[in-house]
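# Return atomic coordinates for the entry below.
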Amino acid sequence: MGKRGAFICIEGIDGSGKTTQARRLVEKMRQKNYDTVYTTEPSSGKVGKLIRRCVLNRRRRVPIALEALLFAADRLDHLDTEVKPALEKGKVVVCDRYVYSTLAYQGAAGLDLEWIELINRFALIPDFALFLDVPPEIVVRRLRRKRSVMETLPNQQRVRDVYMKMVREGRLNLVDGTRSREEVSKQILTVVLSFLEKRGLTAKSVG
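The predicted structure follows:
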């Protein structure tokens, strides 16, 4: 069996450019001959589709604890069906949102962080995780045309506070998301490649 791949996660508050940067990273990694897979949470599985339909689209009011449980269930399914098989094949997996999002968003909504950690205790720990930091004032302006309670300035600040706590704990690596899109993309690629090289994972050994 070949060398195990690498599991990389990118996090950020709504409107931070996280999805754009995750996709850009995958594109640039592929250009450098890394066998790289893009995936996201909620996933495309059955639980993930339920979350998108009932939770993210706000079609019905779901208790915050149930939201966290749904995300945890989707995460385990996502890991078993997509992430782990790709890692076993030696691929680099770039995940757009992961367990840190549940901690940040459901935690900001009032759930106990230790309880969230408990229901996610079987989730795979990423090899490397980034937090794309953009001030809440900026992202709220970017999202001003959308209507969601999650996009209010006080809530976005609470979400960022939880993320920054995880940065201070060393669980997330901070990336300044206020610079130009190209500069941010270059910084992310640089830190990810540096991490992979330290792990001994070159383009020749991955994929």
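# got a list of what the most centrally placed residue in the chain touches?
Most central in the chain under C-alpha atoms, centre = their mean is residue 97, positioned 2.0 Å from the mean C-alpha point. When the contact criterion is C-beta atoms under 8 Å, 6 or more residues apart in numbering, the partners of residue 97 are 9, 10, 11, 18, 40, 41. Heads up, the C-betas are built off the backbone N, CA and C, glycines and all.
# Would you mind confirming that the first one makes contact with residue 95?
In other words, residue 9. Yes - under the criterion of C-beta atoms under 8 Å, residue 9 makes contact with residue 95 at 4.7 Å.
# overlap in contacts of these two?
residue 126.
# Next one: the residue nearest to the centre of the chain from residue 174, what distance?
17 Å (C-beta to C-beta, to the nearest Å).
# What distance do you get for residue 52 to residue 156?
Going from residue 52 to residue 156 by C-beta to C-beta gives 21 Å.
# Neighbour count for those two, which is higher?
Per other C-beta atoms under 10 Å, whichever of residue 52 and residue 156 has more neighbours is residue 156, with 24 against 15.
# Give me the nearest residue to that one, chain neighbours excluded.
residue 136 (3.8 Å; C-beta to C-beta, 6 or more residues apart in numbering).
# Would you state the helices of this protein in chain order?
Residue ranges of the helices in the chain, as given by DSSP state H, are 18-31, 46-51, 64-78, 84-88, 99-108, 113-119, 136-142, 153-168, 181-198.
# Mind giving me the packing neighbours of the fifth one?
Packing partners of helix 99-108 (3 or more C-beta pairs under 8 Å, 6 or more residues apart in numbering; DSSP states H and E): strand 6-11, helix 64-78, helix 113-119, helix 153-168.
# pLDDT of the second one, averaged?
The predicted model assigns helix 64-78 a mean pLDDT of 97.
# quick revisit: mean pLDDT lowest where, among the helices of the chain?
The bottom spot among the helices of the chain, by mean pLDDT, belongs to helix 136-142, with a mean of 84.
# buried residues in that helix?
Burial within helix 136-142, assessed by neighbour count using 16 or more other C-beta atoms under 10 Å, is assigned to 136, 139, 140.
# Surely the last one and residue 155 touch.
Put plainly, it is residue 140. No - using C-beta under 8 Å as the test, residue 140 is too far from residue 155 to be in contact (9.4 Å).
# What's the per-residue pLDDT of residue 44 here?
What the model reports as pLDDT for residue 44 is 94.
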